[in-house]
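**Q** Next input, structure requested:
(chains A and B)
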2 protein chains.
Amino acid sequence: MKRTSFDDMKCSIARTLNLIGEWWTPLILRDIFFGVRRFEPLLHHLGISRNILTDRLQTLVDHQILERRLYQERPARYEYVLTERGRDLFPILVAVMEWGNKWLADSGPPTELIHQECGQVVKPVFICSACGQEITRRNVRARRSSDNSMEEGERLKKAPRANS
Amino acid sequence: MKRTSFDDMKCSIARTLNLIGEWWTPLILRDIFFGVRRFEPLLHHLGISRNILTDRLQTLVDHQILERRLYQERPARYEYVLTERGRDLFPILVAVMEWGNKWLADSGPPTELIHQECGQVVKPVFICSACGQEITRRNVRARRSSDNSMEEGERLKKAPRANS
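**A** I've put the predicted structure just below:
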C-alpha cells in the first residue's frame, strides 16, 4: 500500500512520516547518527536485506537527508553522511527513544543516551526557545497558517487547546 | 509485511515505532491530542476507512495508549482519551511537526503550535532535565545498559559519539 496521499496532506506530521516513516528508515538513521555510515556495516548491524537497505538509502539521498561521500576510490566506496536537514532529525530520534525507554523497556532500556555536559542519562525536556519555559500539551495550541486552505485549521479551531 | 521483528529488537526506537509507526496512527494521535476524540469526527477529519480506523484505535487501546470512555449510553458511544503513556507521546509529535514545518512546508507551515506562555510560535529545544543544557547530537553518547545483551552496545561502542 503506497501512501502517496500522506505527502499531499496539509500536515507536517503526515509529510514528515511519509519521508522518514518507511520501515527501517528510522533505524538506518539511528545507526548513521551513531557513526555507522557504510553500507556493509549498516547491512550487518541492521540485519536487513541488501535491496531494502539500498532502496532506503537512495530515498534518503533523494530527499537530501543523506549525502553519499566517496571514501575509497578503487573500488569506489561511499559512506552516508547526514546533511543539515538530516541532522535536524535528531530530536525526533531522541523523543522516540525516550518514550520507548520509559514505556516499553520492561527489563530496562537497551541503550541510553548520556549527556556529556553533565554525565547523566538524558531525560529530555522540550522548552520554548522564545521564553525558555517548558512546552507541554497543555500550554500549546494549534494555529493554521493564514496562507493555507482552511480545511485543517477550521477543524483544529474547534479544539484549540490540547486538553484531553 | 508484518514487522514483528521490530518488537523483538533491543532498541527502543524500533519497539516504539512498532507500536506507533503504523500507517495513520500518528495522525490519529495528532487529532486526539488536539481534541478530536470520537469515532465519526476522526473518520471524517482523517479521510480514512472505517475498518482501518477501528483497527488502529483498537491497537492503541490494547497497548494502553488510549482509553475508551463512554460518553453516551443509548446507544453506547465512546470517545478515546489519552492515557499517561499516550500523553507522553506529545514530544514525539512536536518534534516531527517541527521538522516538517522547517523542511517540507515550501508554502509555509500548514499548522503551527503556539506556546501560550509567551504567544510565540513553538520552536522547541531539547534540554537535559539534569543540567538544563541543550541536548545535541554532538554532546550525547549512547551507552548500552549493563544488564542487556552486548550485541547492540558493542556496536555502538565502536562509535561512541555522534560526530557525523
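**Q** where does chain A dip in pLDDT?
**A** A:1-5, A:146-164 (pLDDT under 70).
**Q** helix, strand or coil for the closest residue in space to residue A:63 that isn't next to it in sequence?
**A** In space, residue A:63 comes closest to residue A:19 once its chain neighbours are excluded; the distance is 5.6 Å by CB to CB, 6 or more residues apart in numbering or on different chains. Any C-beta I mention is one placed from the backbone N, CA and C, and that applies to glycine too. Classification of residue A:19 using DSSP: H, G, I helix; E, B strand; the rest coil returns helix.
**Q** For residue A:19, the count of nearby residues, please.
**A** Neighbour count for residue A:19, taken as other CB atoms under 10 Å in any protein chain shown: 21.
**Q** Also the one 3 residues further on?
**A** Neighbour count of residue A:22, defined by other CB under 10 Å: 17.
**Q** what do you get for residue A:88?
**A** 17.
**Q** for the residue nearest to residue A:63, what are its contacts?
**A** Taking CB atoms under 8 Å, 6 or more residues apart in numbering or on different chains, we find residue A:19 in contact with A:59, A:63, A:65, B:104.
**Q** Quick check: closest non-adjacent residue to the third one.
**A** Nearest non-adjacent residue to residue A:65, counting by CB to CB, 6+ apart: residue A:86, 4.0 Å away.
**Q** hang on, that neighbour is in a helix, isn't it?
**A** Yes: checked against three-state DSSP, residue A:86 lies within a helix.
**Q** Could you verify my assumption that it touches residue A:61?
**A** No: with contacts counted by CB atoms under 8 Å, residue A:86 stays clear of residue A:61, the gap being 9.9 Å.
**Q** Now do the phi/psi pair for residue A:38.
**A** Backbone torsions for residue A:38, taken as degrees, to the nearest 10, come to phi -110, psi 160.
**Q** does the residue lying closest to it once chain neighbours are set aside sit in a helix or strand, and which one?
**A** The shortest distance from residue A:38 to any non-neighbouring residue, by CB to CB, 6+ apart, is to residue A:79 (4.9 Å). For residue A:79, the host element (DSSP states H and E) is strand A:77-82.
**Q** so where do the helices sit in chain A?
**A** Under the criterion DSSP state H, chain A contains helices at A:4-8, A:12-20, A:25-33, A:39-46, A:50-62, A:84-87, A:90-103, A:150-157.
**Q** thinking again about what came up before, neighbour count for residue A:86 and residue A:61, which is higher?
**A** Comparing residue A:86 with residue A:61 by neighbour count (other CB under 10 Å), the higher total belongs to residue A:86, at 23 against 16.
**Q** quick one: contacts for the more buried one?
**A** Residue A:86 makes contact with A:29, A:32, A:60, A:64, A:65, A:66, according to CB under 8 Å, 6+ apart.
**Q** Quick one: buried ones out of those residues?
**A** Using 16 or more other CB atoms under 10 Å in any protein chain shown as the burial test, the contacts of residue A:86 include A:29, A:32, A:60, A:65, A:66 as buried.
**Q** ok, so what distance separates the residue of chain A most remote from its centre from residue A:42?
**A** Distance to the chain centre peaks in chain A at residue A:74, reaching 33.7 Å (criterion: CA atoms, centre = their mean). Distance of residue A:74 to residue A:42, given as CB to CB, to the nearest Å: 22 Å.
**Q** Residue A:142 too?
**A** 37 Å.
**Q** Now do the buried residues in stretch A:6-22.
**A** Applying 16+ other CB under 10 Å to stretch A:6-22 flags A:6, A:9-22 as buried.
**Q** same thing with stretch A:118-137?
**A** In terms of neighbour count (16+ other CB under 10 Å), stretch A:118-137 has its buried residues at A:121, A:122, A:123, A:124, A:125, A:126, A:127, A:128, A:134, A:135, A:136, A:137.
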